[in-house]
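Colleague: quick one, fold the following:
(chains A and B)
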Amino acid sequence: MDFELREIQRLDGHTDRVWCVAWKPDTGINGVPAVLASCSGDKTVRIWEHNSIGSFQCQAVLEEIHTRTVRSCAWSPSGKYLATASFDATTAIWENVGVDFECVSTLEGHDNEVKSVSWNASLGTLLATSGRDKSVWIWEVLPGNEFDCVSVLQGHTQDVKMVQWNPSMDTLFSCSYDNTIKVWVEDDDSDDWHCIQTLCESNNGHTSTVWSLAFDASGDKMVSCSDDLTVKIWTDVGRVQGSHNNAPWKHVCTLSGYHDRTIFSVHWSREGIIASGAADDAICLFVENNDNEVDGPSFKLLLKKEKAHEIDVNSVQWNSGDKRLLASASDDGTVKIWELVRLSE
Amino acid sequence: MAASGKEEGNQVGLKMGFRIGEELGFYRGCIDVWNAAILSEPTCFSSRVQKGIKQMDELLCQYPLSATDIIDSLRLKFKSVCATLNIRLEYDGYPKASGIDKSGF
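Modeller: Okay, the predicted model is just below:
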């Protein structure tokens, strides 16, 4: 079966490299128009909406809050809030009312550049941030747009590139310039969190900076990508085997030879397609390979889109709606919307 | 040779000891001010903040048993309390990290 990643639209507007894209939850489905946020080195966030004539238009520009690069953005599960992490050492919380966005809170605490922000999936009651100061912060979302710092986690020995909550439980994952992925859980009863597992070279982990990680829909599987030019698949054996385990995540397989420059971003679609974006300007798509059950799960390349952008692809994200829409962001200053289409024989 | 090495070690030790003492003293001062505020107005801080202050106090009292761990924990607790109080207090006597090229993004 042949597939094509078809470019639907190129979104121009940012005046510097675009770092991250995030689809608003529950949009692009059941007649709700798809909405995308993108953030950039131009210090702004742009909100793009799929309009009635089928094209994406910039609906809002969020500016004048961040004074440096906006490195990452994330919607709360309800879509009511957008959190933005900036090199100005702050994380801003924007409330979406109709077509307007108002900055309702600014979280300060990191010593310097904030690199990533993530809401917990269950209720959006916790927010995690990470940054160049090697720390991971957990914030509790309180009524009245108040944010309490729950814990400051130190464990990584370098810049923490990304934080991501598991979609089915309040377990936090972080990846770093120190080549590792760390798994964090809350102690019973208190505000204290601790690292239960470190995925590093000695347990088949990455050998260079880990830039990004993502989960499949169930949260049982994780994908990570790295400067070591590989994509790695991990599985939660603790949960699959139904037993408590102090090293629950296990390496499944490594996908190598597909990108020849740093891989910056990976994302897992709801139906199981992994997208990766890299400094070789390409986007690759992978699917689980069911042909060979003997050697355990493996993944195969579905397609590689060469020259997806002029230069580095920094971020890829699937929309979880009706169509197989993928958004990508690049150092070329553009965002692209792609549709994965099956070619008829 | 040995004498000059000993003297050098002495100087480094004095300098390091002073630095640590200065930092611990800074935290002691913050805790005392916060505790004084709590004493006169018991509801001035949320229970989470009060717990954080108490934990800092306990860590300070444990010093110098397992000294390095305690300083690291103190620094983190202090950051967490300050962030929740939404105040910018900084003890900037210890060195910060630095980044390089795109790895810095």
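Colleague: where in the chain is pLDDT low?
Modeller: Going with chain A. Chain A contains residues with pLDDT under 70 at A:1, A:240-245, A:292-295, A:345.
Colleague: think we crossed wires, I meant chain B
Modeller: Applying pLDDT under 70 to chain B flags residues B:66-67, B:92-102.
Colleague: let's see it at 90
Modeller: Applying pLDDT under 90 to chain B flags the ranges B:1-3, B:17, B:19-20, B:62-73, B:86-105.
Colleague: and the residue of it nearest chain A?
Modeller: B:Ala83 (3.6 Å; CB to the nearest CB). Using the backbone N, CA and C atoms, a C-beta is placed for each residue, glycine as well.
Colleague: output the helix or strand that residue falls within as CSV, restricted to C-alpha atoms.
Modeller: Assessed by DSSP states H and E, B:Ala83 sits inside helix B:67-85. The C-alpha coordinates for helix B:67-85 follow below in CSV (Å, rounded to 0.1, in the frame of the first residue of the first chain):
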residue,chain,number,x,y,z
ALA,B,67,26.7,18.2,53.7
THR,B,68,26.5,18.3,49.9
ASP,B,69,23.1,16.5,49.7
ILE,B,70,21.7,19.0,52.2
ILE,B,71,22.9,22.0,50.3
ASP,B,72,21.4,20.7,47.1
SER,B,73,18.1,19.9,48.7
LEU,B,74,18.1,23.3,50.4
ARG,B,75,18.6,25.1,47.1
LEU,B,76,15.8,23.3,45.5
LYS,B,77,13.4,23.8,48.4
PHE,B,78,14.3,27.5,48.5
LYS,B,79,13.6,27.8,44.8
SER,B,80,10.3,26.0,45.1
VAL,B,81,9.1,28.2,48.1
CYS,B,82,10.2,31.4,46.3
ALA,B,83,8.3,30.4,43.1
THR,B,84,5.1,29.7,45.0
LEU,B,85,5.4,33.0,46.9
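Colleague: which parts of chain B are helices?
Modeller: B:2-40, B:47-62, B:67-85 (DSSP state H).
Colleague: same check, this time on the stretch 101-250 of chain A
Modeller: If DSSP state H, counting those that start in this stretch is used as the criterion, the helices of the stretch 101-250 of chain A fall at A:237-240.
Colleague: run through the residues of it sitting next to chain B.
Modeller: Contact residues, the stretch 101-250 of chain A versus chain B (CB under 8 Å from any CB of the partner chain): A:107-109, A:111-113, A:115, A:132-135, A:137, A:139, A:148-154, A:158-159, A:177, A:191, A:209.
Colleague: how many residues are close by residue 33?
Modeller: I went with chain A, as the question did not name one. 16 (other CB atoms under 10 Å in any protein chain shown).
Colleague: oops, I was thinking of chain B
Modeller: Neighbours around B:Val33, by other CB under 10 Å: 10.
Colleague: which bits of chain B sit near chain A?
Modeller: Near chain A, when you scan chain B using CB under 8 Å from any CB, you find B:46, B:48, B:51, B:72, B:76-77, B:79-84, B:86, B:88, B:96-97, B:99, B:103-105.
Colleague: and those residues, which are buried?
Modeller: Buried members of these, counted by 16 or more other CB atoms under 10 Å in any protein chain shown: B:48, B:76-77, B:79-84, B:105.
Colleague: so which of these comes closest to A:Asp228?
Modeller: B:Phe105 (17.5 Å; CB to CB).
Colleague: does that closest one touch A:Val70 like I think?
Modeller: No - B:Phe105 is beyond contact range of A:Val70, at 11.9 Å (criterion: CB atoms under 8 Å).
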